[in-house]
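*Asks:* Model the structure of this input:
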Amino acid sequence: MPARVHPDVPGEARLAARLGRRIRTLREAAGLTMAELGADRRGRVYFERQYVWKMETGRVTPSLAALAHFAKRLDVTLAKLLKGIG
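*Replies:* Residues are numbered from 1 along each chain as shown. Presented below is the predicted three-dimensional model:
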């Protein structure tokens, strides 16, 4: 179950929005759709398009496993994905 952004945690919503914008920018630069980002290279779906949309818009905070998947699909390191977010 994805973690929803908790409004009482200082700065969490801002961090989630920044991370979502970073992932969207990288996804668009890679020419991937939301559905393609959520699937592996063989087409197996790991994250539905709706989850990717919620993450890109800062409505949910992705798990470490989800971030690792997205970084791999975007062909970047996890460090590059997160650099400058905080």
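*Asks:* so what's residue 17 up against?
*Replies:* 57, 58 (C-beta atoms under 8 Å, 6 or more residues apart in numbering). All C-beta spots, glycine's among them, are computed from the backbone N, C-alpha and C.
*Asks:* that's a helix at it, yeah?
*Replies:* Yes. Counting by DSSP: H, G, I helix; E, B strand; the rest coil, residue 17 is located in a helix.
*Asks:* Please, which helix or strand holds residue 29?
*Replies:* helix 12-30 (DSSP states H and E).
*Asks:* Residue 50 now?
*Replies:* Residue-wise, residue 50 maps onto helix 49-56 under DSSP H and E.
*Asks:* Quick check: next helix or strand after that helix?
*Replies:* strand 60-61.
*Asks:* Pull the residues that contact whichever helix or strand comes after that next one.
*Replies:* As assigned by DSSP H and E, the chain's next helix or strand after strand 60-61 is helix 64-73. For helix 64-73, contacts defined as C-beta under 8 Å, 6+ apart pick out 2, 23, 30, 32, 36-37, 40-41, 46-47, 55, 62, 77-78, 80-82.
*Asks:* Which other helices and strands does the helix holding residue 50 contact?
*Replies:* helix 12-30, helix 34-38, strand 60-61 (3 or more C-beta pairs under 8 Å, 6 or more residues apart in numbering; DSSP states H and E).
*Asks:* Try it again at 6 Å.
*Replies:* Where contact means 3 or more C-beta pairs under 6 Å, 6 or more residues apart in numbering; DSSP states H and E, helix 49-56 is packed against helix 12-30, helix 34-38.
*Asks:* Quick check: buried residues in that helix?
*Replies:* 51, 52, 54, 55, 56 (16 or more other C-beta atoms under 10 Å).
*Asks:* Distance from that helix to the middle of the chain?
*Replies:* 8 Å (C-alpha atoms, centre = their mean, to the nearest Å).
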